[in-house]
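Student: What shape does this take:
(chains A, B and C)
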Amino acid sequence: MADIEMKDVNFSYQKGRQVLYDINISVERGKSTGLIGANGAGKSTLLKLLVGLINGYKGTIEVLGQPVEKKNLTDIRKKVGYVFCDSESQLFMSTVYEDVAFGVRNYGYSEEIVQKKVMEALHKVNIENLKDRQIYRMSGGQKKLASIATILSMEPEIVLFDEPTIALDPKNRRNLIGVLNGMSETKIIASHDLDMILDTCEETILLSEGKLICKGKTEDILKNKELLEEHDMELPLCMQDRRGK
Amino acid sequence: MVKLNRAIKDIHITDNADDGKKGVHPISWLLVTIVYIIAVVSFSKYNIIGLAGMVLYILIQCIWYEISVTGMIKRIWPVFLFTVLLGIANPFFDRTVSAGVLSMATLVLKGIFCVAASYILVVQTGIRQICYALHIMRLPKEIVTVLLLMHRYLIVLLKELERMQLAYKLRAPGHRGLHFRTWGSFVGLLLLRSMDRAGEVYESMKLRGFNGTFQMFSGKYSHIGSIVYLIVWGAAILTMRLFPIFKMAEVAIWQILR
Amino acid sequence: MHMADALLSPVTAGTMYACSAVAAGYSVHKIRLENDEKKIPVMGVMGAFVFASQMINFSIPGTGSSGHLCGSMMLSAVLGPEAGFITMIGVLLVQCLLFADGGLLALGANIWNMAFYGCFIGGMVIWKYATRNGMSRGKIAAASIFGCILTLQLGAFSVTLETLASGITELPFLVFLAAMQPIHLAIGLVEGLITAAVLIFLYETRPEILWNYNEKDERKNRFSYKGIIAVLAVSAVVIGGLLSGFASSAPDGLEWSVKQVAGTTEPEAEGGIYALADGIQSVTSLLPDYNWRESGFAGGTAFSGIIGGAAVVALCVAVCFVLRYLRRRFGDKNNNGKA
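Tutor: Residues are numbered from 1 along each chain as shown, chains lettered A, B, ... in the order given. Predicted structure coming up:
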């Protein structure tokens, strides 16, 4: 069974600008799916629709068998994690531990279980040593890992990533790719970083101006120079001919 | 710019407090500080001997917990100047000149002691633990949550402002401040960005099950230690305030010297 | 305009705490009624914003000097007066704890002087009234300027009253008032201009975030704002003039009112803890000569008093050095005790 099903989804903001046109997507359990497209293609909007952060869409969206409607949101959000593009907004408590514990505590677990879950989540992204660190004293890479831990502590079945590698240096990026590949949850990763998509996702969806252009194996799409260039993208760096070499 | 950097530094200084390291509950710290400040402020304006003795609390805290004195002096300096400025009129307007000098001296001392005591509180507990204490003291959760979030986003917005100011300065060399034509857009944009940020923060909270109430959990404290701390310091401060022990000490000093 | 702890007597500070607590209680109640979950994070981040915006230097055209922002009027125009007030409490608390602007004891007074007037008079009365039939640039400008001037005048006046009621400074009331009000007239004008600039910017870019904004009103609203500006400018001048005129023409009335507030002609609070302390002091005092109150203020008394104070400080320092020595000597034991 598919974890995420979108059928004929159309969406426009109140002011009338249509952002998504007739989107049909299904994502299977345990799969990693890349979501690529130029700026303003509708990637973030699509992700936000899945967790009900924006509503008023037309068509059907089902997450884990439940339609995305107001009455199901609490249930869906418990099982779907969302890693924001800007870690600074995601991490609103003052220390890593407090932040990772925030979600777990809201679901009413005892403090012992909270502690256990927090430590497990920190272990998964290898930042146990940063447990008591003040958030604003951390580097961008550390913050990103901490953001992922805040989601993992809630033991989600699906994790959505919005531009996870943005503003990371090569080493942190490499490290993050390792973390992403180590996660067994169903993932959708929206990004411009095509090399990262190539390293982490089996399947890829290409969006352009709110329309689903194609969906298929990551390698097939990312090798297709004409297709990418037609929609304002370029080949991943590792596939480009480097001049002067 | 200088002010901005100082603010960022100040926040860093006061965040060094490790939770629960001292073993004393923040509520004890807060109450003792408040008792101390009230005691200091309540000294009559000519009772300089009794007031001077209150320095004991500050000194003992500094030595016991190895608090940076330079940091404290930096904090005290503006208040010192301010109280001197305000008290400068006292020698001219008080009953006699010497009474005025005395009342000015007590005013300055009061200013110094109160700021020093607050500084010790913040350095020893940190904002988060003070929030926890306020939460226990039944301050409305709205205020405590706003405080916690505010403290978290202070640095973020200060750094954002720093970048904006730098960008402005690089393109407007020689300007002492923000040109009035850019007042609206500069501050307005910062405000809009802050609003957008707040929107994202809310979304992030919402996605992790936030239902309007922040769950607060404290560090680990020694309960007996906290009670003892509260009682011992409370009693000591009240004794210093109510009994003229320092006056006796002063007399004793002169006797011995003689 | 931050008051320091040293400027207030416990009684005045307590009274101001009580006043501010009532306003805070009302605001919290209102916010709970609104039941808007999003409001809390917005308030938190906006508090940080106000704090940051207070760090900006605004250069004032033609003067070479620069002004700063307090922000409570601006905050209420965005969040509404109640949420603005609670946010300002947060701002003032952080300022007092982290930056020693104001103090823990003076917090109640500072909340009243800076947040209450700005949010409730500036936001709930002036802003709401000015924008009741929709907004325009002119109305926003007029409300901001008039609101800031008025609320800062009120704030400055409260500072004067509170200081005098505490009997801290010997400055005569009128001298103090004459120093405070005109300065804050200028400060208020600058704050008003900045607030107006920012709110107009918001009105033009994202009007829906302003409090009391109603889209329907906007279409029918084409009111001449020149008239309003003229009216408000005149009233600002009149108010400023009235305050200073009142101060010079009716000193007795004002002095009388301070006496009413302070309760005594000499606003040095006595009684309660003081009386008890003085009682004990006069009984136990070893050298009655040191009792200032009875001996009056002979020349040199102040000098010897200060020397005495210094001696006490020296003694305390000595005690502390002994303590430090002991602590080092038996350091391990103490550390165990602490942990």
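Student: residue in the stretch 1-150 of chain C nearest to chain A?
Tutor: Across the stretch 1-150 of chain C, the shortest distance to chain A (CB to the nearest CB) belongs to residue C:41, at 7.3 Å. For glycine as for every other residue, the C-beta is placed from the backbone atoms N, C-alpha and C.
Student: after the helix or strand where that residue lies, next one along is what?
Tutor: Assigned by DSSP states H and E, residue C:41 falls within helix C:39-53. Where DSSP H and E defines the elements, the next helix or strand beyond helix C:39-53 is strand C:58-59.
Student: Output the lowest mean pLDDT helix or strand found in chain B.
Tutor: Among the helices and strands of chain B, helix B:2-14 carries the lowest confidence by mean pLDDT, DSSP states H and E, at a mean of 77.
Student: Tell me the helices and strands packed up against that one.
Tutor: Helix B:2-14 is packed against helix B:97-136, helix B:141-171, helix C:81-99, with contacts defined by 3 or more CB pairs under 8 Å, 6 or more residues apart in numbering or on different chains; DSSP states H and E.
Student: Let me know which of the ones you listed is the nearest to residue A:220.
Tutor: helix B:141-171 (41.3 Å; CB to CB).
Student: by how many degrees do that closest one and helix B:97-136 diverge?
Tutor: Here the directions of helix B:141-171 and helix B:97-136 differ by 110 degrees (axes from the mean of the first three to the mean of the last three CA atoms, to 10 degrees).
Student: Geometrically speaking, which residue is the centre of chain A?
Tutor: Closest residue to the average C-alpha location of chain A: residue A:161 at 1.3 Å, with CA atoms, centre = their mean.
Student: and the helix or strand where that residue lies with chain B, contact?
Tutor: Using DSSP H and E, the element containing residue A:161 is strand A:158-162. No: using CB under 8 Å from any CB of the partner chain, strand A:158-162 never reaches chain B; the gap is at least 9.6 Å.
Student: Tell me how far the helix or strand following that strand lies from the chain's centre.
Tutor: Of the helices and strands lying after strand A:158-162 in sequence (DSSP H and E), the nearest is helix A:170-182. Distance of helix A:170-182 from its chain centroid, counting by CA atoms, centre = their mean, to the nearest Å, is 14 Å.
Student: Tell me the buried residues in the next helix or strand after helix A:170-182?
Tutor: Downstream of helix A:170-182, the first helix or strand assigned by DSSP H and E is strand A:186-190. Buried residues in strand A:186-190, counted by 16 or more other CB atoms under 10 Å in any protein chain shown: A:186-190.
Student: Find the nearest non-adjacent residue to the most centrally placed residue in chain B, please.
Tutor: When chain B is reduced to its mean C-alpha position, the closest residue under CA atoms, centre = their mean turns out to be residue B:118, at 3.9 Å. Leaving aside its chain neighbours, residue B:118 sits nearest to residue C:104 (5.7 Å; criterion: CB to CB, 6 or more residues apart in numbering or on different chains).
Student: Might you list the low-confidence residue ranges for the stretch 151-300 of chain C?
Tutor: C:216-300 (pLDDT under 70).
Student: doesn't residue A:185 make contact with the residue nearest to the centre of chain A?
Tutor: No: at 10.8 Å, residue A:161 does not count as touching residue A:185 under the criterion of CB atoms under 8 Å.
Student: distance between stretch B:48-60 and the chain's centre?
Tutor: 18 Å.
Student: Those residues of chain A touching chain B, which are they?
Tutor: So chain A meets chain B at A:48, A:51, A:53, A:74, A:77-78, A:80-82, A:84, A:86, A:88-90, A:92-95, A:98, A:101-103, A:105-107, A:111, A:132, A:134-136, A:150, A:154 (CB under 8 Å from any CB).
Student: at 6 Å instead, please
Tutor: A:51, A:53, A:77, A:82, A:84, A:88-90, A:92, A:94, A:102-103, A:105-107, A:134, A:136 (CB under 6 Å from any CB of the partner chain).
Student: Is it possible to mark the buried ones in these?
Tutor: So, by 16+ other CB under 10 Å, the buried ones in the residues of chain A next to chain B are A:51, A:53, A:77, A:82, A:84, A:88-90, A:92, A:94, A:102-103, A:105-106, A:134, A:136.
Student: now, which of these sits nearest chain C?
Tutor: residue A:92 (7.3 Å).
Student: Is that closest one located within a strand, as I assumed?
Tutor: No: assigned with DSSP: H, G, I helix; E, B strand; the rest coil, residue A:92 falls outside any strand and is coil.
Student: Regarding the residue lying closest to it once chain neighbours are set aside, which helix or strand does it belong to?
Tutor: Counting by CB to CB, 6+ apart, residue B:201 is the residue found nearest to residue A:92 once chain neighbours are left out, at 5.0 Å. When elements are assigned from DSSP H and E, residue B:201 belongs to helix B:183-207.
Student: so what secondary structure elements neighbour that helix?
Tutor: Packed against helix B:183-207 by the contact rule (3 or more CB pairs under 6 Å, 6 or more residues apart in numbering or on different chains; DSSP states H and E) you find helix A:87-90, helix C:39-53, helix C:173-205.
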